[in-house]
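Asker: fold the stuff below for me.
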Amino acid sequence: MGKKTIASAAKSKEKRQARKLEQRRIADGMNNVTSANKLTDLTALCKELLVFRNNEMEVEMYIQRVTELDKNVLDWAINLTEKNMKKLYETCAWGWNRDRKVEEMTDDAAWYLIAREKKDKLLAFAHFRFDMDFGEPVLYW
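Answerer: Coordinates of the predicted model:
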């Protein structure tokens, strides 16, 4: 075993620095995701965007964590997802697995944007969550 050459020592140092930078980048991303998941009221960030009116309808929207969502609204969202997406899922490699989909949709980190007409008729929803994917902070929508 000989001594390391100056070139190999420099290369090792570069690899360590690159590894540290990558770890820092992932940690920063995780901090961003953690901060986003600590939010309690996303509605306050976009209140003016949560009402739609035209001559025929008035749509109000609200944002809630799944843990605060009314059970009837959550059941409606799960059933609507199955009705609209089951056939599509069955055509791909994932396949349809209701239990897995319910688990995903009821994960404690999940948020819902719910659209309803005049406070009663449910119209649409979006399910989203802040997460990490392959070391990158993402918003799954």
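
Asker: surely residue 124 is within a helix?
Answerer: No. Counting by DSSP: H, G, I helix; E, B strand; the rest coil, residue 124 is not part of a helix but strand.

Asker: beta-bridge partners for it, please?
Answerer: residue 115 (DSSP bridges).

Asker: settle this for me: it is touching residue 115, isn't it.
Answerer: Yes. With contact defined as C-beta atoms under 8 Å, residue 124 and residue 115 form a contacting pair (4.3 Å). Heads up, the C-betas are built off the backbone N, CA and C, glycines and all.

Asker: tell me which of these two has more neighbours.
Answerer: Taking other C-beta atoms under 10 Å, residue 124 and residue 115 do not tie; residue 115 has more neighbours (16 against 12).

Asker: I'd guessed the more buried one sits against residue 123; true?
Answerer: Yes. Residue 115 lies in contact with residue 123 (C-beta under 8 Å); the separation is 4.5 Å.

Asker: identify the bridge partners of the closest residue to residue 29 other than its chain neighbours.
Answerer: Once flanking residues are discounted, residue 29 sits nearest to residue 137: 3.9 Å by C-beta to C-beta, 6 or more residues apart in numbering. Taking DSSP bridges, one finds residue 132 as the beta-bridge partners of residue 137.

Asker: repeat that for residue 63.
Answerer: residue 113.

Asker: from residue 113, how far out is the closest residue to residue 130 other than its chain neighbours?
Answerer: In space, and not counting its chain neighbours, residue 130 is closest to residue 36: 3.9 Å by C-beta to C-beta, 6+ apart. Look at residue 36 and residue 113: by C-beta to C-beta, to the nearest Å, they are 15 Å apart.

Asker: how many neighbours does the spatially closest residue to residue 69 that is not a sequence neighbour have?
Answerer: Spatial nearest neighbour of residue 69, excluding adjacent residues (C-beta to C-beta, 6+ apart): residue 112 at 5.7 Å. Other residues lying near residue 112 total 20 when counted by other C-beta under 10 Å.
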